[in-house]
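Asker: I would like the atomic coordinates for the input below:
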Amino acid sequence: MKHMIFPKSMNGFKLGPQVLLSCFIIGAFIAFFPDDSFCSDEVMEEIKALRQRIEQLEKKLAEQDSKLEQQESKITQQEARLAASTSDIEEIKEIKDAIGNLEFSVGATSVVQGTINNDRNFRKVPGIDGKGDDADASYSINIEISSKIGANGLALLHLEAGEGEGLNSEAGGLSGVNADAFDEDDVEVSEVWYEHRFFKDRLVATVGKIDVTRWFDVNAVANDETTQFLADIFVNNIAVELPDYSYGGRVSWYPHEQFELSLGYAEADGDFEDLFDDNFYIAEIGFKPVWAGLQGNYRLYVWRNSGEHEKLRDRRRRDKSGEGFGLSFDQQFSEHVSAFCRFGQQSGDIYEVRRSWSLGMQVAGDLWGRSADMLGIAFGRAETSGAYRDVLRGDGFGTTPAETRLEAYYRLQVNDHLAISPDLQWVDGLAGSSNADNVTILGIRAQLDF
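Answerer: Numbers count the residues shown, from 1 in each chain. Here you go, the predicted model:
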């Protein structure tokens, strides 16, 4: 929109009353004397000068009109861009509202391990690959997406992918060498469940496809194969027949901040068929005392797996259920040092491991000026059952009361997203064979968190 026809000034040229009067006189004179016959040379020169000034004025007016039109075009374009930007902002708001309270957690883990002095064990230990000393790798990716549902609800989706069983077939034995090994090569929906809190968070219920170890046999020092110990015996109790990811649920009651009672159920075989035929049940009591500002966690539990199990001494019998009990303790001893222990016992006539116990500690890197680093060391024994020893002797192997494993790791926090962990394991009595050579496993783990 144009706001004036004749601008008051234009590049220093002013349209005053004298100029307008001169233009009027010249115009009238030209109208009456178009042939210039009555004009003197001086008058004609003046007329020519005035004509030039008028032409310059018209040119400047045309230029000004052009500039005004360009300005109007720019304003129109700017308004269009503003409208488009406003539309984009509205779309972003709509996407944000649709996403709601989604939270994402993504981690990638890679493990490389190699054996020393394992080259003859394939002749001395049952179930060992005949490769001798070897080096294997594995990787896994974990993606968790969670969202609050209302004031008291929470939904979670856990996706896993990976490849490589690592050295589990060469040096895993009874107590495991790499709990992060992933024998699938596709994406798996590991967990998808809904959780609801009642009575001001004193009662919590969860149902869906679950991982029982998310709530049971938890330990602050030895529970996460991606950041703590790698061997299975130091991640969870190996004397518990824990089901894989399966349909189930749990209910936890928190009558006091230092006490909890939890009950859990899961389908034993994880095939989502005949849900209440083969079941896993677990009940746990937890105490969480704080002494001198130092946190402790003490958990006691009993469990039963009603799935069909064959007896080790009589493979034709498959009507036996598994059962047992366990404990998982962890305690801070100072701001930088924490320790743990686990114990478990289960049915000896159907399981290779009758008893398992482990203990260890972790030391925070604050003591040597590396606050994000961690040093861990642990020792554990998987005690073989009498029935399993009978099976070994029947197959021509010597037996030992237990498989013993020692592990030490150092987690070096490179930056906010990457940690590198050299890992050392030593195994005696691999797979419960008395003839087995002691094996050393050297490894390194890389953990990348997004």
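
Asker: got the residue ranges for the helices in the stretch 151-300 of the chain?
Answerer: For the stretch 151-300 of the chain, the helices identified by DSSP state H, counting those that start in this stretch occupy 168-171, in order along the chain.

Asker: how about low-confidence regions in it?
Answerer: 274-275 (pLDDT under 70).

Asker: Strands along that one, start to end?
Answerer: 153-163, 188-198, 203-210, 246-256, 259-267, 279-287, 290-291, 294-309 (DSSP state E, counting those that start in this stretch).

Asker: Need the ones you listed in TSV (columns: distance to V414 and mean neighbour count).
Answerer: (C-beta placed from N, C-alpha, C; glycine too.) Putting the strands of the stretch 151-300 of the chain into TSV (distance: least, CB to CB, whole Å; neighbours: other CB atoms under 10 Å) gives the following:
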stretch	distance to V414	mean neighbour count
strand 153-163	22	17
strand 188-198	27	15
strand 203-210	33	18
strand 246-256	36	17
strand 259-267	36	19
strand 279-287	35	19
strand 290-291	33	10
strand 294-309	28	18
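
Asker: pLDDT on the one helix or strand Q56 maps to, on average?
Answerer: With elements taken from DSSP states H and E, the one containing Q56 is helix 41-99. Computed over helix 41-99, the mean pLDDT rounds to 72.

Asker: can you list the strands of the stretch 151-300 of the chain in a markdown table and add distance to V439?
Answerer: As requested, those are arranged in a markdown table below (distance: least, CB to CB, whole Å):
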| stretch | distance to V439 |
| --- | --- |
| strand 153-163 | 24 |
| strand 188-198 | 30 |
| strand 203-210 | 35 |
| strand 246-256 | 33 |
| strand 259-267 | 34 |
| strand 279-287 | 32 |
| strand 290-291 | 40 |
| strand 294-309 | 29 |
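
Asker: nearest to G176, of those?
Answerer: Closest approach to G176 among these (CB to CB): strand 153-163, 16.0 Å.

Asker: which residues touch the closest one?
Answerer: Outside strand 153-163, the residues that touch it by CB atoms under 8 Å, 6 or more residues apart in numbering are 138-149, 180-182, 184-197, 211.

Asker: Equivalent analysis for stretch 199-215, please.
Answerer: 158, 189-198, 223, 236, 242-243, 245-255, 262, 264, 266, 280, 282.

Asker: Likewise for stretch 246-265?
Answerer: Outside of stretch 246-265, the residues that reach it under the criterion CB under 8 Å, 6+ apart are 193, 201-210, 212, 215-216, 266-270, 272, 275, 279-290.

Asker: Check stretch 172-179 too.
Answerer: Under the criterion CB under 8 Å, 6+ apart, residues 111, 113, 125, 138, 165-168, 171, 225, 230-233, 235-236, 238, 352-353, 356, 380, 382, 384, 403, 405, 425, 427, 430-432, 441, 443 lie in contact with stretch 172-179.
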